[in-house]
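S.K.: Would you be able to build a 3D model of this:
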Amino acid sequence: MMLSVVIPLLNERDSLEELVVKILDVNRSDRKQTPLEILFIDDGSIDGSWGVIEKLARKHPEVRGIRFRRNFGKAAALSAGFANTRGEVLVTMDADLQDDPNEIPRLLSKLDEGFDVVSGWKQTRHDPWHKRWPSLVFNSILRSFTKLQLHDFNCGLKAYRREVVGEIDLFGEMHRFIPVLAAARGFRVAELPVRHHARIHGASKYGWSRIPKGFMDLLTVVFLTRFRYRPQHLLGGLGGAACALGAVLLVVLSAAWIWTRAFQYEQPIHLHERALFYFAILLLLIGLQLLGVGLLAELVVANATLRRMPYSVAVTTPIIGTNQPANDTSNMNQRWNHPTTHGAADEKSN
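M.R.: Model prediction:
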């Protein structure tokens, strides 16, 4: 079994050499002596980090590097790392020396217990308060929305089995939600308290802007994990509720309009003078729009020519008379390329 350590970085020149030495020392001290590769993804550094990576690659055969033309973000860096590693097990960590390489054997041991993803938990976090407190609030909200009981979704120190990263598409800033996306595919996710160190070199690359971005990404993740293949269940449900409420309000107002005239009230109701009348019409319009958008989304899903299967196969029984092993699921968890076929499959699954 080969272990791949994927390390995205941006302007972390001063910490790279020390980090490599620590990872190699941990691997040498491990009794299993796991074959190792260390892959750095330079996400547009301008401080000379790439030169250090090139020097380390010449010095250590385990070290490789990928350099982006500009800064594309951590999710893109991790995606490139996942696609260019060879290990059956992958460990991701940050390059700033705040993640401790000595925790790697513990992560691997946790994977051996039958888990597919092991996420680190910075139980004692050495970061400024303006990073800790928003993170606590965000993690709490994410737990309540996703029902995945992790304390620290955004910890960079994680371990994965190869099949997990093969079934997850990363874009935008979805790297925060890899455990959520993995759990939605049916993979077993665990959490492990890990040591966290104070930053020694450089400065943090994350500011206040990540807070609103994180909440917007949360909405995206909830939609993708719950309604990716059935968007009308969400949009149509909201639209139907809005239409129903608007219709009820109009019926009540219309009955009041008729009642006050049938019995010759001194002050009959005039609908155009009632704010509730316009609110009911607004609800109807919004509801119809949501229903229409939901139908369009269903058409997009049904006619998509390239997307992932709505399930993930863990193991199969062997086929008698062939050489296919029982756990060969590589062809079952790939993308679909037959829109007519997968439309029918989605209809059955729903």
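
S.K.: Distance of the residue most central in space within the chain relative to Gln232?
M.R.: Most central in the chain under C-alpha atoms, centre = their mean is Phe177, positioned 3.0 Å from the mean C-alpha point. From Phe177 over to Gln232 the distance is 24 Å, taken as C-beta to C-beta, to the nearest Å. For every residue, glycine as well, the C-beta is placed using N, CA and C.

S.K.: Please apply the same query to Glu173.
M.R.: 27 Å.

S.K.: ditto for Tyr160
M.R.: 33 Å.

S.K.: quick one, which of these two is more surrounded?
M.R.: Tyr160 (28 against 21; other C-beta atoms under 10 Å).

S.K.: what pairs with that one across the strands?
M.R.: Listed beta-bridge partners, Tyr160: Leu90, Val117 (assigned using DSSP bridges).

S.K.: mind checking the backbone torsions on Gly73?
M.R.: Gly73 adopts backbone torsions of phi 100, psi 160, taken as degrees, to the nearest 10.

S.K.: That one - how many residues pack around it?
M.R.: What Gly73 shows, counting by other C-beta under 10 Å, is a neighbour count of 19.

S.K.: Mind pulling up the pLDDT for the residue nearest to it when sequence neighbours are not counted?
M.R.: Nearest non-adjacent residue to Gly73, counting by C-beta to C-beta, 6 or more residues apart in numbering: Glu173, 6.4 Å away. Predicted confidence (pLDDT) for Glu173: 70.

S.K.: Can you tell me the SS state at the nearest residue to His175 once chain neighbours are set aside?
M.R.: For His175, ignoring the flanking residues on the chain, the nearest one in space by C-beta to C-beta, 6+ apart is Ala75 at 4.3 Å. Secondary structure assignment for Ala75 (DSSP: H, G, I helix; E, B strand; the rest coil): helix.

S.K.: Strands of the stretch 1-150 of the chain, residue ranges please.
M.R.: With DSSP state E, counting those that start in this stretch as the criterion, the stretch 1-150 of the chain has strands at 3-9, 36-42, 63-67, 89-92, 117-122.
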